[in-house]
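Engineer: Sequence and predicted structure below; questions after.
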Amino acid sequence: MRLSAKDLFAHRDPRVLAALQAATVGIAGAGGLGSNVAISLARAGVGRLIVADFDRIQPSNLGRQQYTVRQIGRLKVEALRANLRAAIPFCEVVAHPVRVTARNVGRLFGAADVLVEALDRATSKRMLIDAWLALHPDRPLVVASGLAGYGKNRRLHTRKLGSLYVCGDEESECPAGISPIAPRIALVANLQANLVVELLVERALPR
């Protein structure tokens, strides 16, 4: 079957779809948060994603990340690009198999209208926040904070601090050696993705 974008987005508001298709979103990290954010944004109709991550897929990743057993050992960004092409072939994916640092944030994500933080370590998150806000203080940065455990849906929220947006409960942390669980990871990732869609549409179609 030959699929067209018209088929895929047949029931989408054309103005909203046009705003999303014209947008570029950066995603720093392709793990539990990043792979889920990417899938949701591509399905929403975002035209271009820039994804950066240096890591390879491990068996322990499969419990919360959008990869398969056959992809174990592959670079996450390359596997994610392949998965997105298979599911949503109308989203362009630029994959950078590198570690995100303060020095390369501008080069990697300079074309992004919005940047999503999907990194694991608190120090990496802080680095990205500082670097992005110094380079592009007027472009939104959507970060995650507090996504460990399970349940507690009512604690999840979004907080706005200028052009910085924080999604999560801003409290929970995983004990050492304990991985986050898929449902809560996906919830926070989709809080991020949903907010990105809102920001892109509001920018293109102001009220």
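Structural biologist: The structure has been received and is ready for your questions.

Engineer: what's around the nearest residue to Leu119 once chain neighbours are set aside, how many residues?
Structural biologist: Excluding the flanking residues, the one nearest Leu119 by C-beta to C-beta, 6 or more residues apart in numbering is Gly29, at 4.5 Å. Where C-beta positions appear, they are placed from N, C-alpha and C, glycine not excepted. The number of residues packed near Gly29 is 27, by other C-beta atoms under 10 Å.

Engineer: thought Gly29 was touching His96?
Structural biologist: No - no contact is recorded between Gly29 and His96 when judged using C-beta atoms under 8 Å, the distance being 11.2 Å.

Engineer: hey, what's in contact with both of these two?
Structural biologist: Ala52, Asp53 (C-beta atoms under 8 Å, 6 or more residues apart in numbering).

Engineer: The residue nearest the centre of the chain: helix or strand, and which one exactly?
Structural biologist: For the chain, the residue lying nearest the average C-alpha position, counting by C-alpha atoms, centre = their mean, turns out to be Val37 (3.6 Å). When elements are defined using DSSP states H and E, Val37 is found to belong to helix 32-44.

Engineer: contacts for that helix?
Structural biologist: Contacts made with helix 32-44 from outside it, assessed by C-beta under 8 Å, 6+ apart, are listed as 20, 25, 27-28, 30, 49, 51, 53, 61, 64-67, 76, 80, 83-84, 87-88, 91, 93, 116, 118, 144, 147, 180, 182, 185-186, 188-190, 192-194, 196-197.

Engineer: let's see 6 Å
Structural biologist: Helix 32-44 is contacted from outside by 20, 25, 27, 49, 64-66, 80, 84, 88, 91, 116, 118, 144, 185-186, 189-190, 192-193, 197, using C-beta atoms under 6 Å, 6 or more residues apart in numbering.

Engineer: Show me the contact partners of the longest helix seen in the chain.
Structural biologist: Longest helix in the chain by number of residues, with DSSP state H as the criterion: helix 182-204. Residues from elsewhere that reach helix 182-204, judged by C-beta under 6 Å, 6+ apart: 16, 19-20, 23, 25, 32-33, 36-37, 40-41, 44, 63-64, 114, 116, 140, 142, 144, 147, 150, 158, 165, 167-168.

Engineer: Number of residues surrounding Arg165?
Structural biologist: In this structure residue 165 is Tyr, not Arg. Tallying neighbours of Tyr165 according to other C-beta under 10 Å, which is how burial is gauged here, yields 23.

Engineer: so where do the helices sit in this protein?
Structural biologist: With DSSP H as the criterion, the chain has helices spanning 5-8, 14-21, 32-44, 76-87, 105-109, 122-135, 182-204.

Engineer: And the fifth one, what's buried?
Structural biologist: Counting neighbours by 16 or more other C-beta atoms under 10 Å, one finds that the buried residues in helix 105-109 are Val105, Leu108, Phe109.

Engineer: ok, now the first one?
Structural biologist: Within helix 5-8, the residues scored as buried using 16+ other C-beta under 10 Å are Ala5, Leu8.

Engineer: Great, nothing more from me.
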